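K.L.:
predicted model and sequence below, questions to follow.
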Amino acid sequence: MTSTRPPERDDVDAIVAQWAQQRPELDTRAMEIFGRIYRLSALMGERMEAVYAPFGISRGEFDVLAALRRAGAPYRLAPKDLARSLMITTGGMTGRLTRLTDAGLIHRVPHPSDKRCLYAELTDAGLETIDQAVAAGVDGQAFVADRLGDEQARALADQLRAALQILTTAPPE
């Protein structure tokens, strides 16, 4: 259900107005965009933590289980591939894998040719957990998308994709 009323002013508007008073020469368009993206990310992150808590997992652990599930049967990946996929350090990945192993949601499987490497693989309990958690997560995210409506949600997704492409293809400064 989309609203035809313009959105109410928010905290980012107040911050931008303060900068306009103090530094009127600044172009704060990017601040309006990224201030809202940062706040949206933090608020949605809190919401998703609450959604995943009944499954006994954090968002970070959800990400690992989801990556294994998306890999397809046998739901197995090397830790370095998981770390690269989730954009975290291998040390951070080790902690997540340990917690998921202790919870019985994954087990470690020897690599066929590299005895130093243990794959992470979903257990039956892990597969059941991620299938339930991802459905709950999609429902949790739909809270916002449904209220935006199809047209606004699609436009926002397209705009965010374009912004990500700019950042991922631009040479570092």
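P.N.:
Here it is on my side, so go on. Residues are numbered from 1 along each chain as shown.

K.L.:
list the residues that contact residue 130.
P.N.:
Contact partners of residue 130, counting by CB atoms under 8 Å, 6 or more residues apart in numbering, are 62, 65, 66, 68, 69, 105, 122. For every residue, glycine as well, the C-beta is placed using N, CA and C.

K.L.:
the fourth one reaches residue 129, doesn't it?
P.N.:
Which is residue 68. No - the criterion here is CB atoms under 8 Å, and residue 68 misses it with residue 129 at 11.0 Å.

K.L.:
quick one on the thing from earlier: export the contacts of residue 130 to TSV and tack on pLDDT, neighbour count and secondary structure?
P.N.:
Below are the contacts of residue 130 laid out as TSV (pLDDT from 0 to 100; neighbours: other CB atoms under 10 Å; DSSP: H, G, I helix; E, B strand; the rest coil):
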residue	pLDDT	neighbour count	secondary structure
62	97	22	helix
65	97	26	helix
66	97	16	helix
68	97	25	helix
69	97	18	helix
105	98	25	coil
122	97	25	strand
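
K.L.:
could you dump those to TSV with distance to residue 153?
P.N.:
Shown next, in TSV, are the contacts of residue 130 (distance: CB to CB, whole Å):
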residue	distance to residue 153
62	22
65	26
66	21
68	28
69	24
105	31
122	30
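
K.L.:
so which of the residues you listed comes closest to residue 84?
P.N.:
residue 68 (13.9 Å; CB to CB).

K.L.:
any idea how far that closest one lies from residue 44?
P.N.:
Remark: distance between residue 68 and residue 44 (CB to CB, to the nearest Å) = 23 Å.

K.L.:
report the contact partners of the nearest residue to residue 111 once chain neighbours are set aside.
P.N.:
Excluding its sequence neighbours, the residue lying closest to residue 111 (CB to CB, 6 or more residues apart in numbering) is residue 117, at 3.9 Å. Neighbour list for residue 117: 78, 79, 110, 111 [criterion: CB under 8 Å, 6+ apart].

K.L.:
find me the pLDDT at residue 26, would you?
P.N.:
At residue 26, the model reports a pLDDT of 94.

K.L.:
count the neighbours of the nearest residue to it once chain neighbours are set aside for me.
P.N.:
In space, and not counting its chain neighbours, residue 26 is closest to residue 19: 5.7 Å by CB to CB, 6+ apart. Residues near residue 19, counting by other CB atoms under 10 Å, number 12.

K.L.:
any idea of the pLDDT on residue 19?
P.N.:
94.

K.L.:
that one and residue 28: what is the separation?
P.N.:
5 Å.

K.L.:
could you list the buried residues of whichever strand or helix holds residue 82?
P.N.:
Taking DSSP states H and E as the definition, one finds residue 82 inside helix 79-86. With burial defined by 16 or more other CB atoms under 10 Å, the residues of helix 79-86 counted as buried are 79, 82, 83, 85, 86.

K.L.:
no further questions, thank you.
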